[in-house]
Structure formats: structure tokens, C-alpha cells
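Student: have a look at this prediction, sequence included:
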Amino acid sequence: NVALTNTQHDLTVGGPVAWNSDNALTLTSKNGSVDLQQAIAATGDNASLSVNAANRIDVKDAIKLTGRHAHLELNSRNGHSLSNDKAVVTLSGQNASYSSNGQDYKVLHTLADLRNVDTNLKGRYVLGNAIDGANANFRSIGGNRYFTGAFDGLGNTLSRLNVTNPGNMAVGLFAMNIGSIENLKLDAITASTTAGAYSPMLGGLVGINIGGLIRNVDAKNMTVANNAGEYGMVGGLVGLNRDGTLDNLRFDGRVSGRPDTLSIGGLVGENTGKSTITNSHANVDISLAHASYLAANAQSIGGLVGKNSATIENSSSRGRVDGGGYMNVGGLVGSNYGTLYNVSANVTASGGPGSSIGGLVGRNFGTIEHATASGKLSASGNYTTPLSMIGGLVGVNEAKGRIEYASSSATIAGTQSAVGGLVAANYGAIRH
């Protein structure tokens with residue numbers, strides 16, 4: 001058994017460490033952080049690793065404890081981070097265990113283990129290894145109940161699942177969340193609504209997030225589709241985010257909605273209340289047609305968020321945003337009533353007749369500061385249809401809208417359209 005302690009400063013593991021016995025390694029920084037720069041691996045049964053930091057634990061390479069009854073502890077005042085793709089924790093042995101700051105977590109190894117989260121929605125869980133669902137059908141965790149616990153993926157990947165939640169309005173890997181979900185990778189997950197869902201809230205990860213924390217989630221090869229249910233909110237990862245905290249999220253995939261979907265975004269359908277989205281990005285192919293019975297401007301489609309009335313900072317979007325007529329189409333946000341700060345979009349965005357189309361925001365009622373937009377913008381129509389508004393940054397800046405320190409280099413082409421290099425129609429304030 002070996003214990004290494006730095007009593008004054010950070011403790012750094014600068015080279016790989018490995019052992020094949022039941023010995024324990026303890027790493028401690030009494031006044032700083034522990035920086036795990038290289039891999040740590042133990043294959044012995046009952047092997048253990050304990051990391052203790054007064055500040056943070058930064059994991060920058062793999063931690064693998066693969067023996068039976070292996071144990072890992074990560075104890076720190078300000079949490080732990082897994083800072084790159086190599087930073088994956090494996091606890092794959094039978095009866096492996098994990099604890100953090102005095103709290104025990106259940107280690108999940110199989111799809112059946114993941115299903116059993118339903119039995120205790122206020123529990124604490126970690127993924128001990130990658131789980132391949134092999135394209136199995138999977139009902140949303142929680143069903144019609146909230147997840148209130150803590151779920152830490154430890155950098156592991158959950159892949160190839162077809163997620164639905166029959167008979168319930170909230171659809172996602174987790175139906176509804178008021179707990180915490182962190183350090184998780186998703187690959188080739190399909191999430192979709194089914195018949196009977198009215199006003200569905202659909203996301204690849206969470207349908208409804210109310211005051212919950214979602215952090216460090218990377219999703220790729222995703223498909224999120226609202227095939228059934230009127231007046232939905234659809235997001236690549238979260239359908240509705242109300243008073244929630246989303247940080248360092250990545251989404252790559254396709255998002256689509258039926259023609260009466262109200263808000264649809266590459267990351268979040270609707271972001272509202274005291275919510276924050278920070279340090280996040282979507283690379284998305286997103287599409288929405290217009291239902292003729294909906295009022296003009298009732299629908300919002302954005303590369304990151306469909307409708308925003310909260311805060312988005314240090315975030316961006318890329319890809320294609322294809323909207324229909326009479327809706328708000330934005331490279332980043334369809335309609336904005338909140339605050340956008342230090343944001344950017346580089347998308348190909350299009351809309352039909354009567355739409356407000358912007359490289360960043362379709363229709364702005366809020367604040368935009370330090371923002372850029374690029375890409376290609378277009379609208380279709382003819383002399384019999386209403387004008388579309390196409391702005392390189394914002395389609396329509398309403399009376400309460402404020403834009404500062406912003407620019408656009410987008411290319412614009414439209415028929416039966418009012419066009420502006422920065423804003424097509426301005427009723428608010430533009431400075432600097």
C-alpha cells in the first residue's frame with residue numbers, strides 16, 4: 001500500500017502507474033488539486049485507488065480498476081473533471097465500488113443495471129464501463145417520475161438505444177430530471193415520440209429538466225424525432241430546460257419535428273426561467289415544416305435553442321437549420337427573449353414565406369452581446385406570399401431588442417424578402 005501526500009501545493013501524476021495486486025494507492029493534496037496527467041491501472045482483485053484534494057481532481061487520462069471488488073474514491077471540495085476523450089474511468093470487475101465525498105454510488109455495468117435505476121430514482125449511480133444497447137428499445141428512465149439523484153458516467157459511453165416513453169409527455173434517456181447528470185458520452189441514440197403523447201417534450205438525454213444540473217455530456221450520431229404529439233418542444237439533448245444548469249454540452253446529429261412542433265433546437269427546445277446554458281455547442285441538421293393552422297411566428301427553430309427566455313453564454317452552433325413558412329429561424333436561436341453573450345453561429349439557414357430568418361437569431365426581443373454569425377441564409381416565396389425578413393445576424397430586432405458588439409459575414413439570398421446585412425428590420429437598439 002502506497003500513500004503520496006503534498007501538504008502545500010498541487011499533487012501531479014506525471015507518468016503512468018500500474019499494479020496487479022490487491023494493494024491500495026492513495027494520492028492527496030491537502031491544500032491544492034490533484035492532477036492525474038497519465039493513466040492509472042490496477043488489475044488485482046481488491047485493488048483500490050483513493051484520490052483526495054482540497055480543491056479539485058483533474059482526470060486527464062484513463063483510470064482502470066478491472067479486478068473483482070476494486071474500489072475507487074474521488075474526494076474533493078470542488079468536484080472532479082474528466083477533461084478529454086482519454087479520461088475514462090473503468091470499474092468493470094464484479095462487485096466494484098465507488099464513493100465520492102463520503103457518498104456511496106452504485107456501479108452500473110449492463111443495460112439491465114441501467115433499467116434498474118427506475119427502482120430508486122433518488123439514488124447515486126456511476127457507469128463502470130461502456131454499455132452497448134445493440135439497438136434495443138428502451139423506455140425513458142423514470143417513466144412519468146422525476147430522477148432526483150446523481151448520475152456520473154465517469155466518461156463512459158452509452159450507445160445504440162432506441163428511446164421512447166409511450167403514453168408520457170416527457171421523452172429522453174431520462175424522462176424528467178431535477179438531479180444531476182454528468183460526465184457522460186452518448187453515441188447513436190435514437191429518441192422519438194409515440195402516438196398518444198400530447199404536447200411532448202423530447203430530448204436525446206432529458207425530456208424535461210427542472211432545476212437540474214447537466215454537465216460534461218458529449219453526444220454524437222444522434223437522431224431525435226418528434227413523430228407524434230401536437231405542440232411539442234424538441235431539443236437534441238433537452239426538450240424543456242426550466243431553471244436548469246447546462247454546461248459543457250456537445251451534440252452532433254439530426255433533430256426533426258412534425259409540422260405543429262412549437263420550438264425545436266439543436267441542443268434545447270425551449271430554455272426558460274433562471275436557466276443557463278454555457279460552454280456548449282451543437283453541430284446539427286435540423287428541420288421543421290409549418291402547420292397551416294398555427295399562427296404566424298408561433299414556431300421557433302434554432303441551431304442551438306428553439307426559443308430562449310433565459311441565458312446562453314460562450315456557446316455556438318454549426319450545420320443546417322431548415323425551417324418552413326411563418327416561423328422564427330435562427331442559426332443559434334429561433335426567438336430570443338433572454339440574454340445571449342459571447343455566442344456564434346455558422347449555419348446554412350432557410351425559411352419559407354413570412355419567416356424571420358437570422359444568421360444568429362430569427363426574432364429578437366432580448367439582449368445580444370459579443371456575437372458573430374456566418375454561413376448562408378435564404379428564403380423562398382413569390383409575389384403572392386408575405387415578405388420574409390432575412391438578416392445576417394437577426395431577422396427582426398423588436399422594440400425591446402438590444403444588440404451590441406455584434407457582426408455578421410453571412411451570405412444572403414431570398415425571393416420576396418426584406419434583407420439586411422446585420423438586421424432586416426430593426427425596432428430596437430443596435431450599438432457598436
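Tutor: Structure's in. What do you need?

Student: number of nearby residues for residue 102?
Tutor: Using other Cβ atoms under 10 Å, residue 102 is surrounded by 7 other residues. In this view, the C-beta of every residue, glycine as well, is placed from N, C-alpha and C.

Student: got the contact list for it?
Tutor: Residues in contact with residue 102, defined by Cβ atoms under 8 Å, 6 or more residues apart in numbering, are residue 75.

Student: what of residue 330?
Tutor: Applying Cβ under 8 Å, 6+ apart, the residues contacting residue 330 are 300-303, 321, 336, 345, 349, 357-363, 395.

Student: which one of those is nearest to residue 127?
Tutor: residue 303 (29.3 Å; Cβ to Cβ).

Student: neighbours around the closest one, how many?
Tutor: Residues near residue 303, counting by other Cβ under 10 Å, number 36.

Student: likewise for residue 424?
Tutor: So residue 424, with other Cβ under 10 Å, has 27 neighbours.

Student: what's the pLDDT at it?
Tutor: If you check residue 424, the pLDDT there is 96.

Student: residue 389 is in contact with that one, correct?
Tutor: Yes - in this structure, residue 424 is within contact of residue 389 by Cβ atoms under 8 Å, at 3.8 Å.

Student: intersection of neighbour lists for those two?
Tutor: Common neighbours of residue 424 and residue 389 (Cβ under 8 Å, 6+ apart) are 356-357, 395-396, 417-418.

Student: point out the least confident one among those.
Tutor: residue 417 (89).

Student: distance of the residue nearest to residue 29 when sequence neighbours are not counted relative to residue 346?
Tutor: Among residues not flanking residue 29 along the chain, residue 11 sits closest, at 4.2 Å (Cβ to Cβ, 6 or more residues apart in numbering). Shown here: residue 11 relative to residue 346, a distance of 41 Å by Cβ to Cβ, to the nearest Å.

Student: low-confidence ranges in this structure?
Tutor: For the chain, the stretches with pLDDT under 70 are 196-197.

Student: spatially central residue for it, please.
Tutor: residue 249 (4.1 Å; Cα atoms, centre = their mean).

Student: C-terminal to the strand or helix carrying that one, what's the next element?
Tutor: Using DSSP states H and E, the element containing residue 249 is strand 245-257. Downstream of strand 245-257, the next assigned helix or strand under DSSP H and E is strand 263-265.

Student: so what strands line up beside that next one?
Tutor: strand 233-235 (parallel), strand 300-302 (parallel) (DSSP bridges).

Student: okay if I get the ones you listed as CSV plus distance to residue 171?
Tutor: Output for those, formatted as CSV (distance: least, Cβ to Cβ, whole Å):
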stretch, distance to residue 171
strand 233-235, 9
strand 300-302, 19
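
Student: for residue 189, find the nearest of those.
Tutor: When the strands paired with strand 263-265 are compared by Cβ to Cβ, strand 233-235 sits nearest residue 189, at 13.4 Å.

Student: about what we covered before: nearest to residue 51 among the strands paired with strand 263-265 would be which one?
Tutor: Judging those by Cβ to Cβ, what sits closest to residue 51 is strand 233-235, at 34.7 Å.

Student: residues contacting the closest one, please?
Tutor: The contact list for strand 233-235 (Cβ under 8 Å, 6+ apart) reads 199-204, 224, 226, 239-241, 255-257, 261-270, 305-306.

Student: 6 Å instead?
Tutor: Strand 233-235 is contacted by residues 201-203, 226, 239-240, 257, 261, 263-265, 267-270 when judged by Cβ atoms under 6 Å, 6 or more residues apart in numbering.

Student: which of these lies closest to residue 96?
Tutor: Each of the contacts of strand 233-235 was checked against residue 96 using Cβ to Cβ; the closest is residue 203, at 30.1 Å.

Student: let me see the contact set for the closest one.
Tutor: With contacts defined as Cβ under 6 Å, 6+ apart, the neighbours of residue 203 are 172, 235, 237-239.

Student: which of those residues fall in helices?
Tutor: Counting by DSSP state H, no part of the contacts of residue 203 is found in helices.

Student: report the buried residues of stretch 390-400.
Tutor: For stretch 390-400, the neighbour count (16 or more other Cβ atoms under 10 Å) marks 390-398 as buried.

Student: one step back: between the contacts of residue 203, which is closest to residue 183?
Tutor: Checking the contacts of residue 203 against residue 183 by Cβ to Cβ gives residue 237 as the nearest, at 14.4 Å.

Student: adding mean neighbour count and distance to residue 195, write the strands paired with strand 263-265 out as TSV.
Tutor: Shown next, in TSV, are these (neighbours: other Cβ atoms under 10 Å; distance: least, Cβ to Cβ, whole Å):
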stretch	mean neighbour count	distance to residue 195
strand 233-235	35	16
strand 300-302	36	24
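
Student: so which of the ones you listed gets nearest residue 108?
Tutor: Closest approach to residue 108 among the strands paired with strand 263-265 (Cβ to Cβ): strand 233-235, 24.9 Å.

Student: run the chain-centre distance for the strand holding residue 249.
Tutor: 4 Å (Cα atoms, centre = their mean, to the nearest Å).

Student: partners of it, with directions?
Tutor: Paired with strand 245-257 in the same sheet, following DSSP bridges, are strand 213-226 (parallel), strand 276-278 (parallel), strand 281-288 (parallel).

Student: and among these, the most buried is which?
Tutor: Looking across the strands paired with strand 245-257 with neighbours counted as mean count of other Cβ atoms under 10 Å, the highest average goes to strand 281-288: a mean of 24.

Student: quickly find the element holding residue 371.
Tutor: Residue 371 belongs to strand 367-379 when assigned by DSSP H and E.

Student: following that strand, which helix or strand shows up next?
Tutor: As assigned by DSSP H and E, the chain's next helix or strand after strand 367-379 is strand 388-391.

Student: which other residues reach the next helix or strand after that following strand?
Tutor: Downstream of strand 388-391, the next assigned helix or strand under DSSP H and E is strand 394-397. The contact list for strand 394-397, computed with Cβ under 6 Å, 6+ apart, reads 356-358, 361-364, 389, 423-426, 428.

Student: go ahead and confirm residue 334 touches residue 328.
Tutor: Yes - using Cβ atoms under 6 Å, residue 334 is in contact with residue 328, at 4.3 Å.

Student: which residues do those two both contact?
Tutor: 300, 362.

Student: which one of these two is surrounded by more residues?
Tutor: Neighbour tally, residue 334 and residue 328, criterion other Cβ under 10 Å: the higher count belongs to residue 334, 39 against 31.

Student: in contact with the nearest residue in space to that one that is not next to it in sequence, which residues?
Tutor: Excluding the flanking residues, the one nearest residue 334 by Cβ to Cβ, 6+ apart is residue 300, at 3.0 Å. By Cβ under 6 Å, 6+ apart, the residues touching residue 300 are 263, 306-307, 328, 334-335.
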